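J.: Pasting the sequence and the predicted coordinates here, then a few questions.
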Amino acid sequence: METEADAFYRELPKVELHAHLNGSISFATIEKLIARKPHLNIGHSMTAIQSGQRRTLEECFQVFKVIHQLVDSEEDILMVAKDVIKEFADDGVKYLELRSTPREEKNTGLTKKNYVETIIEAIHQCKKEGVDTEVRFLVAVDRRNGTEVAMETVKLAEEFMLSTSGLVVGLDLSGDPTVGHGKDLLPALEKAKHSGLKLALHMSEVPSQMEESDLLLNIPPHRIGHGTFLHPEMGGSQSLVDKVQKNNIPLELCLTSNVKGQTVPSYSQHHFPYWYQSGHPCVICTDDKGVFCTNLSLEYQRAASTFGLSHEAMWKLSQQAIDCSFAPDALKDQLKQRWTKLRPAVLR
Ligand SMILES: CC(C)=CCNc1ncnc2c1ncn2[C@@H]1O[C@H](COP(=O)(O)O)[C@@H](O)[C@H]1O
Ligand SMILES: [Zn+2]
């Protein structure tokens, strides 16, 4: 990270709902990983996109391949997950939904089940160590892997939802949006929803996905990631917008990710105001804080400065994010009480 957010945004209690584990690894943790695996010859410029830099979507997805080489054992995953959770907590995140794609690695013997277990263990250890944030987990489906893998992943997520007494709360659909088609994943997504998993689906992250977005919106999901090209001014359609609004599906919006990944030409042209101004639930998120060299405080500050929003408005935005989370009602109530308690000190 090159800059630090102002005190107000750091102190603002925040909710992070869209964070991919392996995209969220900080510079400091990447250094530790590189030291563990010097033979890979990976330099830091290969794992992050600095300020002012832009990459094509394809180049961004290459970055994840490099990071995955660095994170391939239980030991790595435990360290990465604990570091990421602590960093979000240090940034004022009081409730965090992490997501990650279970991976199997032949050379270290890592299985998909171990992968998820290790993240759950990291969440437990952070809790025991008194890290001040509530963490929940979404199991991610990589769209490139097709029908069968998606179905296996859903089964794994269902098992963990039951065995972790509520730490696994949902399913994410992500991966390179230019690869694969949502229609092949529909049965798996519907099964997941039916069994009680909440669905957070990346949708219309690139243009020309109207047909896919329409199919996915018919499920309908509980939250939408990005939704950049849903509305008519971006080549989407009013009927897609109507479906999102009618079902009141919150949008997870990641400004820096979209600008650095070049799906949005500049911050001021981001679709945040299109939805925000109509009162639709919008949640500011980081996506990949490590890869895009950002944090949630900076994203809030960037949204406020770009669209001229007051501290009061940003407070409301962070508070409303609680209701968009997949936390159970009792936890939502606790979080709301915390916001109320913190308000006088933060909104001075
Ligand atoms: C390239 C770009 C602009 C990234 C931001 N937009 C994204 N869109 C779709 N999937 C993503 C994005 N960022 C991260 N992911 C998913 O998260 C994975 C990395 O985290 P993890 O290994 O699941 O723990 C990636 O391999 C990819 O499947
Ligand atoms: Zn994402």
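T.: Here it is on my side, so go on. Numbers count the residues shown, from 1 in each chain. Ligands and ions are numbered 1, 2, ... in the order given.
J.: Can you tell me the closest non-neighbouring residue to residue 89?
T.: residue 133 (4.1 Å; CB to CB, 6 or more residues apart in numbering). Quick note: C-beta positions are derived from backbone N, CA and C, even for glycine.
J.: ah, wrong one, I meant residue 43
T.: residue 34 (7.9 Å).
J.: Does the helix or strand harbouring residue 224 reach ligand 1?
T.: For residue 224, the enclosing helix or strand under DSSP states H and E is strand 223-226. No - Strand 223-226 stays clear of ligand 1 (CB under 6 Å from any ligand atom), getting no nearer than 7.1 Å.
J.: Direction included, what does that strand pair up with?
T.: strand 198-203 (parallel), strand 251-253 (parallel) (DSSP bridges).
J.: Break down this structure into its helices, ranges please.
T.: 7-11, 27-36, 57-70, 74-90, 112-128, 146-163, 186-194, 210-217, 238-246, 255-260, 272-276, 296-307, 311-324, 329-346 (DSSP state H).
J.: Ok, which of those comes nearest ligand 1?
T.: Of all the helices of the chain, it is helix 57-70 that lies closest to ligand 1, at 2.8 Å by CB to the nearest ligand atom.
J.: Show me what counts as buried in the closest one.
T.: Neighbour-count burial for helix 57-70 flags 60, 61, 63, 64, 67, 70 (criterion: 16 or more other CB atoms under 10 Å).
J.: Contact partners for residue 304?
T.: 9, 310, 311, 313, 314 (CB atoms under 8 Å, 6 or more residues apart in numbering).
J.: Going through those residues, which ones are buried?
T.: Buried among these (16+ other CB under 10 Å): 9, 314.
J.: hmm, back to that, how about the helices of the chain in JSON lines, adding distance to ligand 1?
T.: Formatted as JSON lines, the helices of the chain follow (distance: least, CB to the nearest ligand atom, whole Å):
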{"stretch": "helix 7-11", "distance to ligand 1": "22"}
{"stretch": "helix 27-36", "distance to ligand 1": "13"}
{"stretch": "helix 57-70", "distance to ligand 1": "3"}
{"stretch": "helix 74-90", "distance to ligand 1": "9"}
{"stretch": "helix 112-128", "distance to ligand 1": "9"}
{"stretch": "helix 146-163", "distance to ligand 1": "11"}
{"stretch": "helix 186-194", "distance to ligand 1": "15"}
{"stretch": "helix 210-217", "distance to ligand 1": "13"}
{"stretch": "helix 238-246", "distance to ligand 1": "18"}
{"stretch": "helix 255-260", "distance to ligand 1": "5"}
{"stretch": "helix 272-276", "distance to ligand 1": "16"}
{"stretch": "helix 296-307", "distance to ligand 1": "13"}
{"stretch": "helix 311-324", "distance to ligand 1": "19"}
{"stretch": "helix 329-346", "distance to ligand 1": "23"}
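J.: ranking these by mean pLDDT, which is last?
T.: Lowest mean pLDDT of those: helix 57-70, a mean of 93.
J.: Does that one pack against any helices or strands, and if so which?
T.: helix 27-36 (3 or more CB pairs under 8 Å, 6 or more residues apart in numbering; DSSP states H and E).
J.: quick one: contacts of the helix it packs on?
T.: 1, 25, 40, 42-44, 47-48, 67, 70-71, 76, 79-80, 83-84, 290.
J.: Out of those, which end up buried?
T.: Members of these classed as buried by 16+ other CB under 10 Å are 1, 25, 42, 47-48, 67, 70-71, 76, 79-80, 83-84, 290.
J.: Need the winner for burial among the helices of the chain.
T.: helix 255-260 (a mean of 24; mean count of other CB atoms under 10 Å).
J.: still on that earlier bit, now, which of the buried residues of helix 57-70 sits nearest residue 139?
T.: Nearest to residue 139 among these, counting by CB to CB, is residue 64 at 16.9 Å.
J.: Excluding chain neighbours, give the residue nearest to that closest one in space.
T.: Using CB to CB, 6+ apart, the closest residue to residue 64 is residue 22 (6.3 Å).
J.: Look up how far residue 345 lies from the one you found.
T.: Counting by CB to CB, to the nearest Å, the separation of residue 22 from residue 345 is 35 Å.
J.: again with residue 72
T.: With distances taken as CB to CB, residue 72 is found 43 Å from residue 345.
J.: now do residue 46
T.: With the distance defined as CB to CB, residue 46 ends up 41 Å from residue 345.
J.: ditto for residue 61
T.: Residue 61 is 42 Å from residue 345, by CB to CB.
J.: Test my guess that residue 336 contacts residue 322.
T.: Yes - taking contacts as CB atoms under 8 Å, residue 336 lies within contact range of residue 322: 5.9 Å.
J.: contacting residues around the closest residue to residue 3 other than its chain neighbours?
T.: Computed as CB to CB, 6+ apart, the closest residue to residue 3 that is not its neighbour in sequence is residue 298, at 7.0 Å. Applying CB under 8 Å, 6+ apart to residue 298 gives the contacts 1, 3, 4, 5, 9, 256.
J.: separation between residue 298 and residue 288?
T.: When distance is defined by CB to CB, residue 298 is 13 Å away from residue 288.
J.: thinking again about what came up before, overlap in contacts of residue 336 and residue 322?
T.: Counting by CB under 8 Å, 6+ apart, nothing touches both residue 336 and residue 322.
J.: got a pLDDT number for residue 50?
T.: The model's pLDDT for residue 50 equals 87.
J.: What are the phi and psi values at the residue nearest to it when sequence neighbours are not counted?
T.: The shortest distance from residue 50 to any non-neighbouring residue, by CB to CB, 6+ apart, is to residue 293 (5.8 Å). Per-residue torsions, residue 293: phi 50, psi 60 (degrees, to the nearest 10).
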